[in-house]
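> What would the 3D arrangement of this be:
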Amino acid sequence: MQQDDPGSVLAAYREALALRKRHPALAIGSIRFLKPAGAVMSFVRESADGTILCVFNLSANAATWPRKAICGKLNLPHDNLEGYDATLPAWGHLIVPLR
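Here you go, the predicted structure:
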């Protein structure tokens, strides 16, 4: 049963809804898509309450996302991304509040 399975689709939806409640920019903010990097899709959601970076690996293989190059070109803060590895696992994602 999905209700008791932390890896279920239901659990993923619950996590996404909770994240959206914590960060209003994900619900009402503007969206700016960043330059694609292979199978990696990334965008920034911005509102008066904050800026959220969202990065998704749309591949069954690990993928690299050049965070410093892309964030630097777009003048996005990336200091708080230093602890994040730029390699995302298969189907992995990274969602980070930037401010």
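> what's the nearest residue to Leu10 if we skip its chain neighbours?
Closest residue to Leu10 apart from its sequence neighbours, by Cβ to Cβ, 6 or more residues apart in numbering: Gln2 at 4.0 Å. Every C-beta, even on glycine, is put in place using the N, C-alpha and C of the backbone.
> What helix or strand is Leu26 located in?
Secondary-structure element containing Leu26, defined by DSSP states H and E: helix 25-28.
> Return the mean pLDDT over that helix, rounded to an integer.
Mean pLDDT, taken over the full extent of helix 25-28, equals 86.
> got the buried residues for that helix?
Residues 25-26 are the ones in helix 25-28 that count as buried (16 or more other Cβ atoms under 10 Å).
> Now do the helix or strand just after it: which elements does it pack against?
With elements assigned by DSSP H and E, the helix or strand that comes after helix 25-28 is strand 30-33. Helices and strands touching strand 30-33, by 3 or more Cβ pairs under 8 Å, 6 or more residues apart in numbering; DSSP states H and E, are strand 40-47.
> tell me which residues in the strand it packs on are buried?
Residues 40-42, 44-46 are the ones in strand 40-47 that count as buried (16+ other Cβ under 10 Å).
> contact partners of that strand?
With Cβ atoms under 8 Å, 6 or more residues apart in numbering as the contact definition, strand 40-47 has outside contacts at 23-26, 28-34, 36, 51-59, 63-65, 70, 74, 76, 88, 98.
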